[in-house]
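Q: Below is the sequence, then the predicted model.
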Amino acid sequence: MPAKTTTPPPVPESAVPVPESAVPVPESAVPAEAVAPLIRGVRVLRELTEAGGTLSLSGLERATGLARSTVDRITSTLARMGYVRLDGRDAVATPRLMELGNAYLAALRLPALLSSRADALADELDESVSLAVADRDGIRFIHQATRRRAMSLSFRIGDLLPAERTAPGPLFASEWTDDDWRTWRERRAADPENRGFPAVPPRELPPPKGEFEARAAHAGRNGWALDDQLIEPGLVAVSVPVRDPRTGRIACVANVVSHTSRHTAADLRDTLLPRLRATVAEMERELAEAPEPDPGPPPSGSAAWIGASKHELGREFIESLARGLTVLTAFGEGRAALTLTDVARATGLARATARRALITYEHLGLVRGQPESRTFVLTPRVLSLGFPPLSRTTLPRIAAPHLADLSARVGESTALAILVPSGPGPDSSPEIQYTARAVSPRIMGVDIRVGTRLPAAATSLGRVLLAENQSYALLDEDWEDGLRTIAVPLHDRTGRVVAAVNVALHAAGRTAEECVEQLLPELRLTAARIEGELRAAGHFTRIPLL
């Protein structure tokens, strides 16, 4: 049965601030069994996320209030896990960090089941369509189908928005209890300008008293809600709830976003709402007919890897932080609700270690315990750990640091290219386009700029892309005298070849045989690293190839 909802009580004279992460929690409020290094590690990841995915180590020190030595050890541990890259004095979030958010989205199942319907509606309406879930008194987007225009309207997956400034918010609020309304009022009183929500501009003027309560009541009666430029001028949206067929409660909200140059809010309601409702009905049928998921094998071997990393790195590797983060990846499709025993078995951790990590995550709002079933589930707040800035990444951005690393290892120029349509005409042939590169420090090196197009058949990159089952291609002065190149393919998470990586050098540097013996293993290692990050980033987001 849906939870009892009530008429919102009057706004109290005073309120207690309830921020997401900006204000430290008093030590007395931290459970005795919580893992302090895990709390600090989560704080670093949240600050890194709010900074857009890149922040200097000294900036992390200032933002978190932690000692520099602690920041150094945390980032060293995260780098070992592949979640950040240490680039000079900066810590940079890597796409592999998205594995944490992927665990939540896979367990939720809604993006996998409903995203194709949202994408089709976006194509039909030629407007951006998103799916959102509730996160306490805010909302988070879990899927985006965007339009490519000069005036682009979309939110990043995982961004937290205040409920009162969105179209989905009143729909979720229509199911709030007295305690939920009290929490919302306390937060609004403590942060009237919404500065605790970096994804939206600060509010300049306070909303009319009772305005959001009235919108929530209207949404509950009518089953839809509007956002008429509440987030920022020009942005309008209309939302309809997608209900869980088992409980009748809102599972997520489908949201159509436009600009006032195309639609007014009233126009959205009158012209697009009927089609949105029809799509939501299809989504609800999809949920009702979805078979039970096959959980598949859980992650394994992490405990042994953590022990080996601690042995190798010593004090610079925080074992309790690494153990705690692996607990989040124990969840996934078919593993939405796990018992303590399930978590311990999936991670290889002792029950006591897994229990302390879960207690810590409950305290941080990343995990919710379900006493009736003695299970734990992830909350949308897991998406606050790196997902929003990384959800906008591209293949060239993913590949660039790996190309630079490869170039430094082998001392030669490296590049990434994709296959592109050729020009019109019967004599046209497929071409490749260079999308990323790293230049060797040699006086005589290969200099082909990003954006350059070449006939695919004349390059090692193109030959790999044209013959998708070919493991590598070597060109020995075929295209230009003195130029020798070797390339390998890059696969996305479905196994499809989407790009290729090469090393290019002067023929005097290495023989063809030496290229195969010395460069090919390094190329394959680089390709595997790029593919690993591409799989993590592309699980629930579309990764542009350009």
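A: Perfect, I can see it now. Numbering: from 1, shown residues only.
Q: Show me the shaky parts of the stretch 201-350 of the chain.
A: 298-301 (pLDDT under 70).
Q: same question, the stretch 51-200 of the chain
A: 148-154.
Q: 80 instead?
A: Across the stretch 51-200 of the chain, the ranges flagged by pLDDT under 80 are 147-155.
Q: And the strands in it?
A: Using DSSP state E, counting those that start in this stretch, the strands of the stretch 51-200 of the chain run over 54-56, 84-87, 90-93, 128-135, 138-145, 160-162.
Q: Next, format those strands as TSV and append distance to Ser309 and mean neighbour count.
A: For the C-beta atoms, the positions are set from N, CA and C on the backbone; glycine is no exception. Shown next, in TSV, are the strands of the stretch 51-200 of the chain (distance: least, Cβ to Cβ, whole Å; neighbours: other Cβ atoms under 10 Å):
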stretch	distance to Ser309	mean neighbour count
strand 54-56	23	18
strand 84-87	15	18
strand 90-93	18	22
strand 128-135	32	24
strand 138-145	32	26
strand 160-162	32	23
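Q: which residues of the stretch 51-200 of the chain fall in helices?
A: Shown for the stretch 51-200 of the chain, the helices assigned by DSSP state H, counting those that start in this stretch span residues 57-64, 68-80, 98-108, 110-125, 168-173, 178-190.
Q: right, so of these, which gets closest to Trp305?
A: Relative to Trp305, the nearest member of those by Cβ to Cβ is helix 68-80, separated by 9.6 Å.
Q: between the strands of the stretch 51-200 of the chain, which gets nearest to Leu419?
A: Checking these against Leu419 by Cβ to Cβ gives strand 138-145 as the closest, at 24.7 Å.
Q: quick check: angle from the closest one to helix 98-108?
A: Angle, strand 138-145 to helix 98-108, by axes from the mean of the first three to the mean of the last three Cα atoms, to 10 degrees: 90 degrees.
Q: Show residues contacting strand 138-145.
A: Residues outside strand 138-145 that contact it (Cβ atoms under 8 Å, 6 or more residues apart in numbering) are 105, 108, 110-111, 114-115, 118-119, 121-123, 128-133, 154-163, 166, 168-169, 172, 197, 252-253, 380, 383, 391, 540-541.
Q: Can you check what angle separates it from helix 110-125?
A: Using the same axes, to 10 degrees: strand 138-145 against helix 110-125 is 60 degrees.
Q: from the middle of its chain, how far away would strand 138-145 be?
A: Relative to its parent chain, strand 138-145 has a centroid offset of 11 Å by Cα atoms, centre = their mean, to the nearest Å.
Q: now stretch 112-119
A: So, by Cα atoms, centre = their mean, the centroid of stretch 112-119 is 17 Å from its chain's centroid.
Q: One more: stretch 513-532?
A: The answer for stretch 513-532 is 28 Å, by Cα atoms, centre = their mean.
Q: returning to that earlier point: what's the closest of the strands of the stretch 51-200 of the chain to Ala237?
A: Nearest to Ala237, of all the strands of the stretch 51-200 of the chain, is strand 128-135, at 8.6 Å by Cβ to Cβ.
Q: follow-up on the earlier one: need the strands of the stretch 51-200 of the chain in a markdown table (columns: distance to Leu38).
A: A markdown table is the format used below for those (distance: least, Cβ to Cβ, whole Å):
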| stretch | distance to Leu38 |
| --- | --- |
| strand 54-56 | 20 |
| strand 84-87 | 16 |
| strand 90-93 | 18 |
| strand 128-135 | 20 |
| strand 138-145 | 22 |
| strand 160-162 | 21 |
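Q: of all those, which lies closest to Leu523?
A: strand 84-87 (20.0 Å).
Q: C-alpha coordinates for the closest one, PDB please?
A: What follows is strand 84-87, C-alpha atoms only, in PDB (Å, rounded to 0.1, in the frame of the first residue of the first chain):
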ATOM      1  CA  VAL A  84      41.300   8.500 -10.200                       C
ATOM      2  CA  ARG A  85      44.400   9.400 -12.200                       C
ATOM      3  CA  LEU A  86      47.200  11.500 -10.700                       C
ATOM      4  CA  ASP A  87      48.200  14.000 -13.300                       C
END
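Q: which other residues reach it?
A: Here strand 84-87 makes contact (Cβ under 8 Å, 6+ apart) with 48, 75-76, 78-79, 91-94, 97, 401.
Q: now it, how far from the chain's geometric center?
A: Offset of strand 84-87 from its chain centre (Cα atoms, centre = their mean): 18 Å.
Q: neighbouring strands for it, and are they parallel or not?
A: Strand 84-87 sits in its sheet next to strand 90-93 (antiparallel), going by DSSP bridges.
Q: Of the strands of the stretch 51-200 of the chain, which is nearest Thr70?
A: Here strand 90-93 is closest among those (Cβ to Cβ), at 13.2 Å.
Q: Show me how this protein divides into domains.
A: Taking automatic domain parsing as the reference, the chain has its domains at 31-102+295-390, 110-289, 395-537.
Q: Let me have the ones you listed in a markdown table, adding distance to Leu545 as columns.
A: Putting the domains of the chain into a markdown table (distance: least, Cβ to Cβ, whole Å) gives the following:
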| stretch | distance to Leu545 |
| --- | --- |
| domain 31-102+295-390 | 15 |
| domain 110-289 | 14 |
| domain 395-537 | 5 |
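Q: so how many other residues sit close to Ser384?
A: Ser384 has 26 neighbours, counted by other Cβ atoms under 10 Å.
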